[in-house]
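**Q** this one's sequence-less:
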Ligand SMILES: Nc1ncnc2c1ncn2[C@@H]1O[C@H](COP(=O)(O)OP(=O)(O)O)[C@@H](O)[C@H]1O
Ligand SMILES: N[C@@H](CC(=O)OP(=O)(O)O)C(=O)O
């Protein structure tokens, strides 16, 4: 196999000095006559050189591209070929773990890194157990229902899988000790909360690795906080730092070269750079773990396995007729996740987009379904609406200038108030003297914006403006081709008018893939269902298809 690589010139040089050999073709533009390249030969030159972990690492860091799958080695491929993330629902029981194991092993040509979330609803149970421990008193910790549930689930799972109980015993003892500590201190800090929830992923990965080993498949378990995931110290919502990429690449490649084994990595976790304590990446953060590993190793594909047939046209819990979306761009997926589609972590697209690695969302309950492929670009010529997303419990502010400040000064002051208070703004619409905006309902991913903070925002804004605070609003985001915004809006407004719903704010995002509408919370579900029917099910959707394929026009057909 000889494939062209976007090799950096000096990496190419470095590679020529090596002993073990592999070969690939390098595009002419990356070659120099200094390396003995003869310009009269073909545009691609086949190069033979040695591969070491240093070279792999350097190449991956400098090029962000996959070498592993492109490298030819006479005997075997060199290292990992793909990352597969399985969420909590995919590993909720022993039965599910067996299915995931057979799914992983059904790709014998792959050498996967498997990222796992905690089993089922373990993270929620751990959080609840922590809250109960704060107030239940030390003597009652062992009676916390959620602790018993977690113990039962994990012991039952290891027993059913036929692996030794010692795989999780130590963690379950430590978990109870931690809950005792929380009960004693009558306090659950965010730092302790992160340590508490980390037990979920630490146990699921240990069980799964032990099970693969029992099957005779060599697997090695990794705690992300011990293998190079370095984050900010923002407990419960930490950001991954750049140093993570080389550290993770070095660790995984080094271990593979020393002793090849399937890697089983805890999702969602990291290690705080300053305090060195365990951090979490925000709820649903295992998706981000997977894309980070994909980027670190420059893998050809990142697979995210869920309990649905891919990213759907809307949340199936709101409307069960939601259908899979076959293709998405990174921008669409990021916008969709940010505006509330639970299916992907809001930050998870960033590493994939930065390294241009396709992300495939698949269903572990239905592996044959094609799923959703997320890439940098896709053919948008026929795309109108891709998905409808709902974000509930949004607070909206109408801020009208008292003209104390000029136009620039007014907007600058408004946004500096939000910055000072550390509150994220979602959707914004401005006129010369007023601005309407919505606030992220969870200033931090896990915590509600509290009334006291809102009062403080209003107090600050009232120094320069007349402020109207509107709560219990929802943002309906129409993700799709904003080039067709007239068509989308025409149809959306017709639907909303039929329902008698007043749209309180509209914003067309700079991303060019999102039009957001603000409505009352109480009307939101009904709007999503009606919009879904109109865009994806009714004769209207056929009208769209006709229109977008150039066979008709809205004016003519309507
Ligand atoms: N647009 C959407 N497409 C697909 N799933 C969605 C969407 N919006 C919400 N969901 C919900 O997200 C769930 C999958 O996300 P999540 O529970 O985080 O998966 P996992 O735990 O397997 O990673 C689905 O079961 C579905 O209920
Ligand atoms: N277990 C964590 C991390 C995660 O990503 O979970 P899931 O993949 O099940 O959404 C959570 O519940 O938030």
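**A** Received the coordinates, thanks. All of these numbers come straight from a predicted model, not from anything done at the bench. Ligands and ions are numbered 1, 2, ... in the order given.
**Q** alpha carbons only for contacts and neighbour counts from here, please
**A** Fine.
**Q** which SS class is residue 429?
**A** Following DSSP: H, G, I helix; E, B strand; the rest coil, we place residue 429 in the strand state.
**Q** give the contact list for residue 496.
**A** By Cα atoms under 8 Å, 6 or more residues apart in numbering, the contact set of residue 496 is 502-503, 527, 531.
**Q** any of the residues you listed buried? List them.
**A** 527, 531 (16 or more other Cα atoms under 10 Å).
**Q** which of the contacts of residue 496 sits closest to ligand 1?
**A** Nearest to ligand 1 among the contacts of residue 496: residue 531, at 13.9 Å, using Cα to the nearest ligand atom.
**Q** and the contacts of residue 496 as a markdown table, adding pLDDT?
**A** Shown next, in a markdown table, are the contacts of residue 496 (pLDDT from 0 to 100):
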| residue | pLDDT |
| --- | --- |
| 502 | 93 |
| 503 | 94 |
| 527 | 97 |
| 531 | 97 |
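**Q** longest helix in the chain, by number of residues?
**A** The longest helix of the chain (DSSP state H) is helix 190-214.
**Q** which residues touch that helix?
**A** With contacts defined as Cα under 8 Å, 6+ apart, helix 190-214 is touched by 91, 97, 101, 116-119, 122-123, 126-127, 130, 154, 158, 161-163, 167-168, 171, 175, 178, 218-223, 235-236, 264-269, 277-280.
**Q** now, of the residues you listed, which are buried?
**A** 91, 97, 101, 116-119, 122-123, 126-127, 130, 154, 158, 161, 163, 167-168, 171, 175, 178, 218-223, 235-236, 264-269, 277-280.
**Q** from the contacts of residue 496, which is closest to residue 318?
**A** residue 527 (10.4 Å; Cα to Cα).
**Q** the closest one is in what secondary structure piece?
**A** For residue 527, the host element (DSSP states H and E) is helix 521-532.
**Q** give me the contact list for that helix.
**A** 313-314, 318-319, 322, 388-390, 392-393, 472-474, 476, 492, 495-496, 499, 501.
**Q** circling back: what residues sit buried inside the longest helix of the chain?
**A** Across helix 190-214, burial judged by 16+ other Cα under 10 Å covers 191-213.
**Q** re earlier: what about the helix holding residue 527, distance to the chain center?
**A** Helix 521-532 sits 26 Å away from the centroid of its parent chain (Cα atoms, centre = their mean, to the nearest Å).
**Q** touching ligand 1 at all, that helix?
**A** No: applying Cα under 6 Å from any ligand atom, one finds helix 521-532 separated from ligand 1 by no less than 11.6 Å.
**Q** filter the buried ones among the contacts of helix 190-214 down to the ones near ligand 1?
**A** Of the buried ones among the contacts of helix 190-214, not one also sits near ligand 1 (Cα under 6 Å from any ligand atom).
**Q** quick one: which of the residues you listed sit in strands?
**A** 116, 219-222, 264-266, 269, 278-280 (DSSP state E).
**Q** so, low pLDDT: which residues of the protein?
**A** Along the chain, segments meeting pLDDT under 70 span 1-78, 403-407, 441-450, 509-511, 539-558.
**Q** make it 80
**A** Scanning the chain for pLDDT under 80 picks out 1-78, 402-409, 421-422, 431-433, 440-453, 509-512, 538-558.
**Q** quick one: name the residues of it near ligand 1.
**A** Counting by Cα under 6 Å from any ligand atom, the chain sits next to ligand 1 at 87-90, 284, 306-308, 310-317, 341-343.
**Q** report the buried members of these.
**A** Judged by 16+ other Cα under 10 Å, buried ones among these: 87-90, 284, 306-308, 310-315, 341-343.
**Q** also within reach of ligand 2: list those from those residues.
**A** When contact is defined as Cα under 6 Å from any ligand atom, those meet ligand 2 at 87-88, 284.
**Q** and the residue of the stretch 51-200 of the chain closest to ligand 1?
**A** As assessed by Cα to the nearest ligand atom, ligand 1 sits closest to residue 87 within the stretch 51-200 of the chain, at 3.5 Å.
**Q** wait, that residue touches residue 308, no?
**A** No: taking contacts as Cα atoms under 8 Å, residue 87 lies outside contact range of residue 308: 11.1 Å.
**Q** ok, back up a step: report the buried members of the contacts of helix 521-532.
**A** For the contacts of helix 521-532, buried by 16+ other Cα under 10 Å: 313-314, 319, 322, 388-390, 392-393, 473-474, 476, 492, 495-496, 501.
**Q** list the buried ones in whatever helix or strand residue 452 lives in?
**A** Residue 452 belongs to helix 451-461 when assigned by DSSP H and E. Neighbour counts using 16+ other Cα under 10 Å place 454, 457-458, 460-461 of helix 451-461 among the buried residues.
**Q** which one of the residues you listed is nearest to ligand 2?
**A** residue 454 (26.4 Å).
**Q** who are the contact partners of residue 234?
**A** 272, 279.
**Q** list phi and psi for it.
**A** Residue 234 has phi and psi values of phi -80, psi 80 when expressed as degrees, to the nearest 10.
**Q** from ligand 2, how far out is it?
**A** 16 Å (Cα to the nearest ligand atom, to the nearest Å).
**Q** how much space between that residue and ligand 1?
**A** From residue 234 across to ligand 1, the span is 21 Å (Cα to the nearest ligand atom).
**Q** residue 350 now?
**A** Residue 350 sits 17 Å away from ligand 1, going by Cα to the nearest ligand atom.
**Q** can you tell me the SS state at the closest residue to residue 430 other than its chain neighbours?
**A** In space, and not counting its chain neighbours, residue 430 is closest to residue 436: 6.3 Å by Cα to Cα, 6 or more residues apart in numbering. Secondary structure state of residue 436, per three-state DSSP, is strand.
**Q** pretty sure residue 436 contacts residue 397?
**A** Yes: judged on Cα under 8 Å, residue 436 makes contact with residue 397 at a distance of 5.6 Å.
**Q** Serialize the ones next to ligand 2 among the buried ones among the residues of the chain next to ligand 1 to CSV and add fields for secondary structure.
**A** As requested, those are exported to CSV (three-state DSSP):
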residue, secondary structure
87, coil
88, helix
284, coil
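**Q** kindly report the residues of this protein close to ligand 2.
**A** By the rule Cα under 6 Å from any ligand atom, the part of the chain lying against ligand 2 is 87-88, 117-118, 123, 268, 283-287.
**Q** out of the contacts of helix 521-532, which sit inside helices?
**A** 492, 495-496, 499.
**Q** where exactly do the strands run in the stretch 351-500 of the chain?
**A** Using DSSP state E, counting those that start in this stretch, the strands assigned to the stretch 351-500 of the chain run over residues 359-363, 372-375, 385-401, 425-430, 434-439, 465-480.
**Q** got these as JSON lines, with distance to residue 228 columns?
**A** Formatted as JSON lines, the strands of the stretch 351-500 of the chain follow (distance: least, Cα to Cα, whole Å):
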{"stretch": "strand 359-363", "distance to residue 228": "22"}
{"stretch": "strand 372-375", "distance to residue 228": "26"}
{"stretch": "strand 385-401", "distance to residue 228": "34"}
{"stretch": "strand 425-430", "distance to residue 228": "32"}
{"stretch": "strand 434-439", "distance to residue 228": "34"}
{"stretch": "strand 465-480", "distance to residue 228": "35"}
